[in-house]
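[1] coords below, sequence missing:
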C-alpha cells in the first residue's frame, strides 16, 4: 500500500458527460501528479500541483482540468467525454520535489466511456 | 524533448532464467532514472532508481546501472521467479526539461515467467 488513495476505482459513463476523479496524497506529501495510461498512448503525464499551485502541464486536453485543495487532496475533472478518454488515470504524490524525489502511485481509477 | 525507449515485449522466460530489459533515454539535462513495476490490476511501484552517472540501483534482486556514455539503464535479474511476472516501466525525471520531476515513461515491457 503506497498510502495514496484514489476514488472511485471504476467509473462508467457516457460520451458528453463530466466526471471527477479524486486523489488523496500520502500524509505530508505536497506534490500531486496525474497520469493517464491508455493502450495507444502509454503512460502520459497530465499535470502537477505543488501545495495548491499548478507547477507543470503535460499533454492535458483543454476539456480536462485539475485542482489541489488546502487539505492537499486533488481532483481531476474530465468534461465532454469522448470514447478515446477511456483509460486508467493514476495519481502520484511526492514530498518536497526535485528529480530524485520518489513518486508514490495510487491504485488508479479506470474510466470507461460508452 | 526527453524520451525513454524500452525493448518491446512480451518477454517470456522460464523460472530461474536471467533477465535483461533494455532501456535507453534521451534527455536535455542530467536526469534521474527509475524502474517501476506494475503487477496485474495494481498501480505502479518503484523498483529501483539511480540519480547520477555510474550509480547502481538495486532492489529485490533486480539491478540497473546508470550509463551516461551509452544513455542506458538496463534492468537485470539473475534468476527470475513466477512472482516477477508484471509490466516493467523505465522512466526518467529531468529537472531541467519541464521541471518539478514529472516522470517520462517508456512504453513498458511485459514479463511472463513460467514454472
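    Yep, it's here. Values in this document were obtained by computation on a predicted structure and should not be read as measured data.

[2] can you give me the buried ones in stretch A:103-114?
    By 16 or more other Cβ atoms under 10 Å in any protein chain shown, the buried positions in stretch A:103-114 come out as A:103, A:104, A:105, A:106, A:107, A:108, A:109, A:110, A:111, A:113. For every residue, glycine as well, the C-beta is placed using N, CA and C.

[3] which of those sit farthest apart?
    A:104 and A:113 (27.6 Å; Cβ to Cβ).

[4] filter the buried residues of stretch A:103-114 down to the ones near chain B?
    A:103, A:104, A:105, A:106, A:107, A:108 (Cβ under 8 Å from any Cβ of the partner chain).

[5] which helix or strand lies directly C-terminal to the worst-scoring helix or strand of chain B on mean pLDDT?
    Least confident helix or strand of chain B, by mean pLDDT, DSSP states H and E, is strand B:104-105 with a mean of 92. Going down the chain from strand B:104-105, the next helix or strand is strand B:109-114, by DSSP states H and E.

[6] now do that next one, average pLDDT.
    Regarding strand B:109-114, the rounded mean pLDDT is 96.

[7] who does that strand pair up with?
    strand B:11-14 (parallel), strand B:86-93 (antiparallel) (DSSP bridges).

[8] ok, residue A:57 touching residue A:47?
    Yes: counting by Cβ atoms under 8 Å, residue A:47 is a contact partner of residue A:57 at 5.4 Å.

[9] the more surrounded of these two?
    residue A:47 (23 against 13; other Cβ atoms under 10 Å in any protein chain shown).

[10] I'd say the more buried one and residue A:60 touch.
    Yes: if you go by Cβ under 8 Å, residue A:47 and residue A:60 touch, sitting 5.2 Å apart.

[11] enumerate the residues of chain B near chain A.
    B:31-32, B:36, B:42-46, B:49, B:51, B:89, B:93-95, B:98-108.

[12] returning to what we had before: need the residues touching each of residue A:47 and residue A:60.
    Shared contacts of residue A:47 and residue A:60, defined by Cβ atoms under 8 Å, 6 or more residues apart in numbering or on different chains, comprise A:34, A:66.

[13] spit out the contact partners of residue A:49.
    A:31, A:32, A:33, A:55, A:66, A:67, A:68, A:74.

[14] and the pLDDT for the fourth one?
    With respect to pLDDT, residue A:55 scores 87.

[15] secondary structure element holding it?
    Going by DSSP H and E, residue A:55 is part of strand A:53-57.

[16] tell me where chain B has strands.
    B:3-6, B:11-14, B:19-21, B:23-26, B:32-38, B:44-50, B:56-59, B:62-65, B:75-77, B:86-93, B:104-105, B:109-114 (DSSP state E).
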